[in-house]
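Asker: here is a sequence together with a model predicted from it:
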Amino acid sequence: MFITFEGIEGTGKSTQIALLKAHLEAQGWRVRTTCEPGGSRIGAELRRVLLSLENRDLCPRAELFLYLADRAQHVAQVVRPALAAGEIVICDRFADSTVAYQAAGRGLDENLLHGLNEQAVDGLWPDLTILLDIAPEAGLTRAVERNRAEGKTVAEGRFEAESLAFHARVREGYKSLARRFPQRIQLVDAAGSIDQIAAAVRQLVDSRLTDLNGPE
Ligand code: TMP
């Protein structure tokens, strides 16, 4: 099973991914957690270029192709082999991020991006996508605090430095994707407590696992 987590900055994706991993491992599953950008060795180099505040002049099309390159490498080298080995793969961001950020956020053509994503994922779409939804004001405050705590202000912060309006567009982009793919993308309100969100996520994942594997 391939699960992806999506959402704007500061929705608590990493926390929820760690909790879900522990929940699945307690049931006996082998779980691989990974992320985009940066889930492969080459992707880690691309991530530095993509997120560095030094690269404010990266143009939207170049940015797009770097994300797609990261994805193609990650799918081929990490995600597909892990799934083939019987692991559950949980990925922090995937193809929907490109539609939300580069189309809704940056204004690139959405249909063009769907086609390019199709090439990058090479037929491998998630079985389930959890969209953690939060108001940009709340999310950005959390993200900026987290980056400060982790000392990331210079190395990574190109997106946190974007305007509130940008993040509001990204959020709407995600919601429109959830309407377009209602079976795959499940929206979870990320304004609640960590435990409430984790319970909602567990329920969605457990029920999709039952659908895929049949009842015990
Ligand atoms: P994160 O891994 O810390 O969430 O940061 C990744 C950043 O990259 C985040 O701001 C969203 C952005 N992003 C895109 O703009 N397009 C993409 O396709 C992906 C995967 C991420």
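Answerer: Okay, I see it.

Asker: which residues does the nearest residue to residue 13 once chain neighbours are set aside bridge with?
Answerer: Among residues not flanking residue 13 along the chain, residue 5 sits closest, at 4.6 Å (Cβ to Cβ, 6 or more residues apart in numbering). For every residue, glycine as well, the C-beta is placed using N, CA and C. As for beta bridges, residue 5 partners with residue 92, residue 130 under DSSP bridges.

Asker: isn't residue 5 right up against residue 89?
Answerer: No - using Cβ atoms under 8 Å, residue 5 is not in contact with residue 89, being 11.5 Å away.

Asker: comparing those two, which residue is more hemmed in?
Answerer: Neighbours per residue (other Cβ atoms under 10 Å) separate residue 5 from residue 89, with residue 5 holding more: 28 against 23.

Asker: residues contacting the residue nearest to residue 13?
Answerer: Applying Cβ atoms under 8 Å, 6 or more residues apart in numbering to residue 5 gives the contacts 13, 16, 17, 90, 91, 92, 93, 129, 130, 132.

Asker: so which of the residues you listed are also by the ligand?
Answerer: residue 93 (Cβ under 6 Å from any ligand atom).

Asker: which one of the contacts of residue 5 is nearest the ligand?
Answerer: Among those, residue 93 lies closest to the ligand (Cβ to the nearest ligand atom), at 4.1 Å.

Asker: quick one: which helix or strand includes residue 90?
Answerer: Secondary-structure element containing residue 90, defined by DSSP states H and E: strand 88-92.

Asker: run through who's touching that strand.
Answerer: Contacts of strand 88-92 (Cβ under 8 Å, 6+ apart): 1-5, 13-14, 17, 20-21, 24, 29-36, 39, 79, 82-83, 126.

Asker: if you set the cut-off to 6 Å instead, what comes out?
Answerer: 1-5, 13, 17, 24, 29, 31-35, 79, 82-83 (Cβ atoms under 6 Å, 6 or more residues apart in numbering).

Asker: since that was my last question, I'll sign off now.
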